[in-house]
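Student: Next one to model:
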Amino acid sequence: MKETSSEREEISREELELSDVIEILSEAFRNVGFNVLRNYEVVDINGIKHNIDLLVEGEVIPGIFFRIAFILQPRKVSINDLEWYIAKKFVLPNIDKFVILTLEDIDREIIPIISKYGLQILNVNEYLNIIRRTPSKILLSSLRLRAPKIPKFIVKPKIECKSFVNMIKKEFKPHIFGRRKCSRVDFTLAYIPLIKINAKFTIEEFEKGNVIVKEVPMIFDGIKGYVIMSRGEGLSIDELKGTILDMPIMAYELLSILSERGTAQVSELAAELGIDVSKIKSLIDMLTLRSFVDVYGDVVELRYKVLDEFKDPLSSIDKELLVKFDDISSKDLVRKVPFVFVRTSIHKIIDLIRALKGEVLGISLIFYPVYVVVCMKNEHEEQLIVYDGITLHENESLARVIDHPEVIDCISRTLKPLSEESCEEFDNV
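Tutor: Numbers count the residues shown, from 1 in each chain. So this is what the prediction gives:
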């Protein structure tokens with residue numbers, strides 16, 4: 001069918017306006033220090049490529065890394081579109097927020113569920129003038145990115161860098177029975193982010209008719225979202241519970257229902273959530289393996305004892321090693337050693353707490369020290385070993401946390417030869 005001149009005019013008007021808003025958004029975010037990527041290709045957890053019209057990434061506040069994907073859609077956003085975007089966000093967990101830019105009004109029926117899934121729809125006609133007028137401040141508040149002030153702390157290493165180097169030299173010293181065979185050994189001191197949340201939970205003991213209010217400290221790694229546990233004097237990840245990024249949205253809704261009732265039948269949960277019984281059983285199996293629920297035949301019960309498994313693994317650390325970040329020159333720190341951005345979704349952690357009838361009392365960010373040693377075996381092979389900065393023991397658990405391409409790249413840029421001379425930048429941190 002041939003387009004009329006009026007239709008062509010309408011199409012070019014839409015393209016021009018959407019093109020304009022992408023340009024204005026790009027400029028606005030650059031002005032406030034964000035990294036801006038246009039027509040950027042990202043790969044999801046299944047290896048499928050997706051094109052993002054505009055990807056904005058950077059720190060909303062120091063230490064809190066945030067990624068926003070802007071997607072252009074000239075037509076009206078429907079329920080079907082929304083379901084597609086929800087599915088897309090699920091397979092792209094490293095993107096914190098999806099913003100759909102449209103030229104049409106928004107269906108009222110989808111408004112209540114938009115923010116619940118980390119989505120936002122902006123009518124370009126309504127926001128274009130606002131963005132043009134004051135992009136640096138109103139833009140961020142319009143996108144609901146105004147984050148609270150989060151206290152930040154740094155845990156200082158237990159021994160000086162030179163002592164660590166001498167210890168590692170002995171371990172990597174070449175000899176006939178040595179298990180480490182390296183052509184070259186490099187190392188660096190790095191700080192990985194931990195998210196500490198103090199939460200209050202209301203626990204209803206339905207059988208006894210009691211209500212208990214319990215305060216629980218919860219610590220997650222800020223890169224992949226594992227629950228952090230004690231490991232001797234050091235840290236470990238709770239592999240059984242897995243990473244918070246692996247938790248599907250429907251799991252939070254299921255936990256929320258059980259938090260209200262205590263128990264429910266599988267068929268009841270399937271009906272209330274609107275999904276097949278086979279899918280609800282798969283979801284329950286996952287939550288059972290993660291110790292969130294117990295199953296008795298066809299009855300699912302919330303396992304409130306899971307809260308007892310959350311401990312503060314930092315409570316045993318010498319208080320002198322824990323220093324408030326504001327008390328140190330942050331510029332000198334960042335210049336000397338790599339500080340890894342928070343890359344997991346704090347919102348998903350908060351959603352989990354709320355699903356368990358919890359209330360967030362406070363959030364803090366703690367940067368924990370690790371020594372990273374890289375054994376160069378040949379030109380094409382290298383081995384990365386992580387040592388806990390407090391216990392000085394090799395820690396395979398923390399190595400799994402930093403096994404992230406962007407984190408490895410950040411750490412690799414600061415590697416130095418294994419020598420006492422390389423310690424000058426580290427020992428006064």
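Student: close enough to count as contact, Asp312 and Pro217?
Tutor: Yes. With contact defined as C-beta atoms under 8 Å, Asp312 and Pro217 form a contacting pair (4.1 Å). C-beta coordinates here come from the backbone N, C-alpha and C atoms, glycine included.
Student: Quick check: which ranges of the stretch 1-150 of the chain have low pLDDT?
Tutor: In the predicted model, the stretch 1-150 of the chain carries pLDDT under 70 at residues 1-20, 31-33, 59-65, 105-118, 125-149.
Student: And the helices in it?
Tutor: Counting by DSSP state H, counting those that start in this stretch, the stretch 1-150 of the chain has helices at residues 5-31, 79-90, 111-114, 124-133, 135-142.
Student: buried sites along the second one?
Tutor: If you call a residue buried by 16 or more other C-beta atoms under 10 Å, then helix 79-90 has these buried ones: 81-82, 85-86, 88-89.
Student: same check, this time on stretch 296-315
Tutor: 300, 302-304, 306-307, 310, 313-314.
Student: ends of that stretch, how far apart?
Tutor: 36 Å (C-alpha to C-alpha, to the nearest Å).
Student: average pLDDT for that stretch?
Tutor: Mean pLDDT, taken over the full extent of stretch 296-315, equals 88.
Student: Show me the contact partners of that stretch.
Tutor: When contacts are defined by C-beta atoms under 8 Å, 6 or more residues apart in numbering, stretch 296-315 is touched by residues 155, 194, 196, 201, 203, 214, 216-219, 227-231, 235-236, 238, 255, 258-259, 262-267, 269, 284, 291-295, 322, 356, 366.
Student: Could you do stretch 159-169 as well?
Tutor: The set of residues external to stretch 159-169 that reach it, using C-beta under 8 Å, 6+ apart, is 157, 185, 187, 189, 371, 373, 387, 392, 418-420, 422-423, 426-427.
Student: Nearest to Tyr40 among the residues you listed?
Tutor: The shortest distance between Tyr40 and any of those, using C-beta to C-beta, involves Leu189 and amounts to 32.0 Å.
Student: Let me have the buried residues of stretch 296-315 in TSV, adding distance to Glu382 as columns.
Tutor: Written out in TSV, the entries for these read as follows (distance: C-beta to C-beta, whole Å):
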residue	distance to Glu382
Val300	47
Leu302	46
Arg303	42
Tyr304	45
Val306	39
Leu307	41
Phe310	36
Pro313	30
Leu314	31
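Student: Just the local confidence number for the residue most central in space within the chain, please.
Tutor: Most central residue of the chain, judged by C-alpha distance to the mean C-alpha position with C-alpha atoms, centre = their mean, is Thr344 at 0.5 Å. The predicted local distance difference test score for Thr344 is 79.
Student: Counting neighbours, what do you get for Glu104?
Tutor: 15 (other C-beta atoms under 10 Å).
Student: Roughly how far does the residue nearest to it when sequence neighbours are not counted sit from Leu119?
Tutor: Distances taken as C-beta to C-beta, 6 or more residues apart in numbering put Lys76 closest to Glu104, at 3.8 Å, once the chain neighbours are dropped. Computed as C-beta to C-beta, to the nearest Å, the Lys76 to Leu119 distance reads 15 Å.
Student: Show me which of those two is the more surrounded one.
Tutor: Leu119 (20 against 13).
Student: Quick one: residues contacting the more buried one.
Tutor: For Leu119, the contacting residues are 82, 85-86, 89, 97-100, by C-beta under 8 Å, 6+ apart.
Student: again, only using 7 Å
Tutor: 85, 89, 98, 100 (C-beta atoms under 7 Å, 6 or more residues apart in numbering).
Student: Also Met250?
Tutor: With contacts defined as C-beta under 7 Å, 6+ apart, Met250 is in contact with 273, 275, 283.
Student: Can you name the helix or strand that it falls in?
Tutor: Secondary-structure element containing Met250, defined by DSSP states H and E: helix 249-261.
Student: now that helix against helix 79-90, angle please.
Tutor: Between the axes of helix 249-261 and helix 79-90, defined by axes from the mean of the first three to the mean of the last three C-alpha atoms, to 10 degrees, the angle is 100 degrees.
Student: residues in contact with the helix or strand following helix 249-261?
Tutor: Under the assignment DSSP H and E, the closest C-terminal helix or strand after helix 249-261 is strand 263-265. Contact with strand 263-265 is made by 257-258, 298-301, as judged by C-beta under 7 Å, 6+ apart.
Student: Which two of these have the greatest separation?
Tutor: Ile257 and Asp298 (15.4 Å).
Student: how near is the residue nearest to Glu104 to Asn94?
Tutor: The gap separating Lys76 from Asn94 is 29 Å, by C-beta to C-beta.
Student: same thing with Arg67?
Tutor: Relative to Asn94, and taking C-beta to C-beta, Arg67 is found at 6 Å.
Student: got it, and Leu314?
Tutor: Note on Leu314: its distance to Asn94, by C-beta to C-beta, is 26 Å.
Student: Also Arg290?
Tutor: Applying C-beta to C-beta, one obtains 21 Å for the distance of Arg290 from Asn94.
Student: follow-up on the earlier one: adding distance to Gly47, write the buried residues of helix 79-90 out as a markdown table.
Tutor: Rendered in a markdown table, the data for the buried residues of helix 79-90 read as follows (distance: C-beta to C-beta, whole Å):
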| residue | distance to Gly47 |
| --- | --- |
| Asp81 | 24 |
| Leu82 | 25 |
| Tyr85 | 20 |
| Ile86 | 20 |
| Lys88 | 15 |
| Lys89 | 17 |
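Student: Kindly indicate which of the residues you listed lies nearest Phe34.
Tutor: Sorting those by distance to Phe34 puts Lys89 at the head of the list, at 19.7 Å, by C-beta to C-beta.
Student: my guess is that closest one meets Phe98, correct?
Tutor: Yes. If you go by C-beta atoms under 7 Å, Lys89 and Phe98 touch, sitting 5.3 Å apart.
Student: so where do the strands sit in the stretch 251-400 of the chain?
Tutor: For the stretch 251-400 of the chain, applying DSSP state E, counting those that start in this stretch gives strands covering 263-265, 293-296, 299-302, 322-324, 358-378, 381-388.
Student: I'd like the mean pLDDT over the longest one, please.
Tutor: Confidence over strand 358-378 (mean pLDDT, whole number) is 88.
Student: what comes up buried for it?
Tutor: Neighbour-count burial for strand 358-378 flags 358, 363-375 (criterion: 16+ other C-beta under 10 Å).
Student: Now render those residues as JSON lines, adding distance to Leu54.
Tutor: Listed next are the buried residues of strand 358-378 as JSON lines, based on distance: C-beta to C-beta, whole Å:
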{"residue": "Gly358", "distance to Leu54": "35"}
{"residue": "Ile363", "distance to Leu54": "29"}
{"residue": "Ser364", "distance to Leu54": "32"}
{"residue": "Leu365", "distance to Leu54": "27"}
{"residue": "Ile366", "distance to Leu54": "32"}
{"residue": "Phe367", "distance to Leu54": "30"}
{"residue": "Tyr368", "distance to Leu54": "34"}
{"residue": "Pro369", "distance to Leu54": "36"}
{"residue": "Val370", "distance to Leu54": "34"}
{"residue": "Tyr371", "distance to Leu54": "38"}
{"residue": "Val372", "distance to Leu54": "34"}
{"residue": "Val373", "distance to Leu54": "39"}
{"residue": "Val374", "distance to Leu54": "35"}
{"residue": "Cys375", "distance to Leu54": "41"}
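Student: This completes my enquiry, with thanks.
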